[in-house]
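Visitor: Requesting a structural model of the entry that follows:
(chains A and B)
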Number of protein chains: 2
Amino acid sequence: MHELRKDPLLNRWVAVQFDSKPPEYYNFEEENEKEHSCILCAGREKETPSEITAIRNKGSQPNDSGWLARVIPNPNPILRIEGDLGRRGIGMYDKMNSIGANEIIVETPEHDKRPEDMGLEQMVRVVTLYKERVADLEKDSRLRYALIYKNSGKEAGAVYTHSHSQIIATPIIPMRVKDELDGAKKYYAYKERCIFCDMMREELRYGDRVIFETKNFIAFCPYVPRFSFEFWILPKRHSCAFQEIYAEELEDFGLMILSMIKKLRSVLKNTPYNYIIHTAPNRIPRRDHWHTLGEDFHWHVEVAPRLMRISGFEWGTGFYVVTTSPEDAAKYLREA
Amino acid sequence: MHELRKDPLLNRWVAVQFDSKPPEYYNFEEENEKEHSCILCAGREKETPSEITAIRNKGSQPNDSGWLARVIPNPNPILRIEGDLGRRGIGMYDKMNSIGANEIIVETPEHDKRPEDMGLEQMVRVVTLYKERVADLEKDSRLRYALIYKNSGKEAGAVYTHSHSQIIATPIIPMRVKDELDGAKKYYAYKERCIFCDMMREELRYGDRVIFETKNFIAFCPYVPRFSFEFWILPKRHSCAFQEIYAEELEDFGLMILSMIKKLRSVLKNTPYNYIIHTAPNRIPRRDHWHTLGEDFHWHVEVAPRLMRISGFEWGTGFYVVTTSPEDAAKYLREA
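Guide: I've put the predicted structure just below:
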């Protein structure tokens, strides 16, 4: 039995099941693949493109071993960093050059170390690199958006089994991001409040969808998920840009990510998942255009386990079907 | 090497690869699964919900064998046909009851008969049922949209291996559909022409993305696909609603669908795929609201082979990456 729920951000309706399936209902595929030849491993630094930045043991040299976490250009980039945008028409259509950045954050030198087993110190290194890269890419006036995301597991789009995250910086604001910004802007125009701050208050008042809290962060299943067991992580302090996270919040953010991945693994075993940091578009070159952005947007992380395959119906309509309610999903994750 | 292309309907940008991969690049998964217990097969009519309509041999009775193609309610519906919408608020959120229709069109009595081997006469029966069902569901004033779609293969969301299509009718206009309607409306407001008619002319003039033509239909790869080898089928006659297809066009439509599925199979082997009929929203109860729809929208079919897994980046941004250009894809399909 389902009910329909409307996403207040995107005006998207979702059917949510009442008599939710327990986690055991889902198939957990075994990831028993082992890459015998992984260029992300320690000792193979010369085989990757030259590193962009790294957190290293004292005395070790760039593009040599001795690193703890490392950022490299994607060896198979979709977007290239050199050139101009060259925006132009072709017949009735429009195009531009694929300018942008594609980077890989190698989260550990060890091939078999999974994020949930990394420990807090290492996870803080990873999120520190996230911050550093977004702050750096924001300075490029050709780029409008920098997206940090993680594909874990082949079914979730991961190309490497070695733990890694990715950054793509684009010369346009991607549609899904723009839809979200527009939704937040409309809510702010009407209520004069941040929709994410309102959601956080609503979730804390209601309680049933809250999973976990730290000093500075809260994790909950959104009222309108698109995926079963989807959850979001929000900073309690209102801030539109992830890269403006305070130094003292960064360790707490690492703790939140680590705790939630552990919970996810505990409940959903080897289910592939994605997470994405939704932050404000690059504001430096276009401060005027986004003058209300500081108030109306609130950065956050969206985490999506990939339990079900997306059907023709879902991609054709944007009308998703979720087989475990967020209230039930939150209960499973909270108790894990 | 990619370029970015902007979808003129949805304002979505897509990176399209120039040095396209040939079809052999993709993995073709074998579908060797066999359902030993399939309720869609002839002889098991009593085990399905009572049939809604069917094309039958003379003298055969409803819910008995002797049918050639058959429509039944989905045994596991997401939406229910009984009840009222009950639209209401809950805290800061909105919800309503999940009213709607979920139907399965069983395309053949034979379990192992695939659409590409059905023959024209049978495919015409299938599209005739498509038309009949949409025309019928449009009369329900609670429903705003009726979507016909096909999931072929497990990876594309198919639950049954027995050839079938599905109908979902919803009490809302799904987001992706609304985005498309809005895009078409904006174009019409600016140009005073149907964007789909313009696209058809552009494609015929350019030629490189055209795959196949019949008397009344054209198939081409869109300038901005979201999936590699995605193609669209458009009626040459401007019409916003699939269910208003003329009797003399229906056989030609069956021929087009059959020919294109054969081409798809020839080029991409067992790749799972989806197709979806994008038609106008139900206009009967809300004629006023959609008064320009007759001019600005144009029904069509979108066909998406599921060659790649959708990554966190794509669902997080709506910014898709296509590894075979539509020009190359059209060439492969045209020559098949």
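
Visitor: Any stretches of chain A with poor pLDDT?
Guide: Low-confidence regions of chain A, defined here as pLDDT under 70, cover residues A:1-36, A:284-293.

Visitor: go again using 50 as the cut-off
Guide: The model of chain A has pLDDT under 50 over residues A:3, A:7, A:12, A:14, A:16, A:25-35.

Visitor: just the helices in it please.
Guide: A:120-137, A:175-191, A:195-206, A:247-268, A:293-296, A:312-317, A:326-335 (DSSP state H).

Visitor: so which of the ones you listed is the most packed in?
Guide: For the helices of chain A, the largest average neighbour count (mean count of other Cβ atoms under 10 Å in any protein chain shown) is found in helix A:312-317, namely a mean of 24. In short, each C-beta sits where N, CA and C put it, glycine included.

Visitor: Can you dump the C-alpha atoms of it in PDB for me?
Guide: This file holds the C-alpha atoms of helix A:312-317, laid out as PDB (Å, rounded to 0.1, in the frame of the first residue of the first chain):
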ATOM      1  CA  GLY A 312      11.400   2.700 -17.900                       C
ATOM      2  CA  PHE A 313       8.500   4.200 -15.900                       C
ATOM      3  CA  GLU A 314      10.800   6.000 -13.500                       C
ATOM      4  CA  TRP A 315      13.200   7.500 -16.000                       C
ATOM      5  CA  GLY A 316      10.300   8.400 -18.300                       C
ATOM      6  CA  THR A 317       8.400  10.300 -15.700                       C
END
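
Visitor: That helix and chain B, are they touching?
Guide: Yes. Against chain B, helix A:312-317 shows contacts by Cβ under 8 Å from any Cβ of the partner chain at A:Gly312, A:Phe313, A:Glu314, A:Trp315, A:Gly316, A:Thr317.

Visitor: now do stretch A:80-100
Guide: Yes. Using Cβ under 8 Å from any Cβ, stretch A:80-100 reaches chain B at A:Gly91, A:Met92, A:Tyr93, A:Asp94, A:Lys95, A:Met96, A:Asn97, A:Ser98.

Visitor: looking at the residues you listed, which has the most residues close by?
Guide: Within the residues of stretch A:80-100 next to chain B, most neighbours by other Cβ atoms under 10 Å in any protein chain shown means A:Ser98, with 26 neighbours.

Visitor: Run a quick check on A:Glu213 versus A:Ala219, I expect a contact.
Guide: Yes. Using Cβ atoms under 8 Å, A:Glu213 is in contact with A:Ala219, at 7.5 Å.

Visitor: Compare the two (neighbour count), which wins?
Guide: Shown here are A:Glu213 and A:Ala219; by other Cβ under 10 Å, A:Ala219 has more neighbours (25 against 13).

Visitor: From A:Leu255, how far out is that one?
Guide: Look at A:Ala219 and A:Leu255: by Cβ to Cβ, to the nearest Å, they are 11 Å apart.

Visitor: In chain A, which residue is most central in space?
Guide: Residue closest to the mean C-alpha point of chain A, counted by Cα atoms, centre = their mean, is A:Ile276 at 1.0 Å.

Visitor: Now do the same contact list for the nearest residue to it once chain neighbours are set aside.
Guide: The shortest distance from A:Ile276 to any non-neighbouring residue, by Cβ to Cβ, 6 or more residues apart in numbering or on different chains, is to B:Gly316 (3.8 Å). For B:Gly316, the contacting residues are A:Leu147, A:Tyr149, A:Pro174, A:Arg176, A:Val177, A:Asn274, A:Ile276, A:His278, A:Glu302, by Cβ atoms under 8 Å, 6 or more residues apart in numbering or on different chains.

Visitor: The second one contacts A:Tyr275, correct?
Guide: I take that to be A:Tyr149. Yes. Counting by Cβ under 8 Å, A:Tyr149 touches A:Tyr275, with 6.6 Å between them.

Visitor: which residues do these two both contact?
Guide: The contact sets of A:Tyr149 and A:Tyr275 overlap at B:Gly312 (Cβ under 8 Å, 6+ apart).

Visitor: who has more neighbours, those two?
Guide: A:Tyr275 (26 against 23).

Visitor: for that one, what are its contacts?
Guide: A:Tyr275 sits next to A:Tyr149, A:Lys150, A:Ile257, A:Val301, A:Glu302, A:Val303, A:Ala304, B:Gly312 when contact means Cβ under 8 Å, 6+ apart.

Visitor: Put together CSV for the contacts of B:Gly316, with distance to A:Tyr187 on each row.
Guide: Converted to CSV, the contacts of B:Gly316 look like this (distance: Cβ to Cβ, whole Å):
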residue, distance to A:Tyr187
A:Leu147, 22
A:Tyr149, 25
A:Pro174, 20
A:Arg176, 17
A:Val177, 16
A:Asn274, 25
A:Ile276, 21
A:His278, 15
A:Glu302, 18
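
Visitor: Restricted to strands, list those residues.
Guide: Under the assignment DSSP state E, the contacts of B:Gly316 contribute A:Leu147, A:Tyr149, A:Asn274, A:Ile276, A:His278, A:Glu302 to strands.

Visitor: Tell me which two of the residues you listed sit farthest apart.
Guide: With Cβ to Cβ as the measure, no two of the ones in strands among the contacts of B:Gly316 lie farther apart than A:Asn274 and A:His278, at 12.4 Å.

Visitor: residue of the stretch 101-250 of chain A with the smallest distance to chain B?
Guide: Here the stretch 101-250 of chain A gets closest to chain B at one residue, A:Gly157, 2.6 Å apart by Cβ to the nearest Cβ.

Visitor: Was I right to think A:Leu333 contacts A:Arg209?
Guide: No. Between A:Leu333 and A:Arg209 there is no contact, the gap being 10.0 Å when judged by Cβ under 8 Å.

Visitor: Now do the shared contacts for these two.
Guide: Contacts common to A:Leu333 and A:Arg209, judged by Cβ under 8 Å, 6+ apart, are A:Cys221.

Visitor: Name the nearest residue to A:Asp296, ignoring sequence neighbours.
Guide: Spatially, and ignoring its direct neighbours in sequence, A:Asp296 is nearest to A:Tyr188 (3.6 Å; Cβ to Cβ, 6+ apart).
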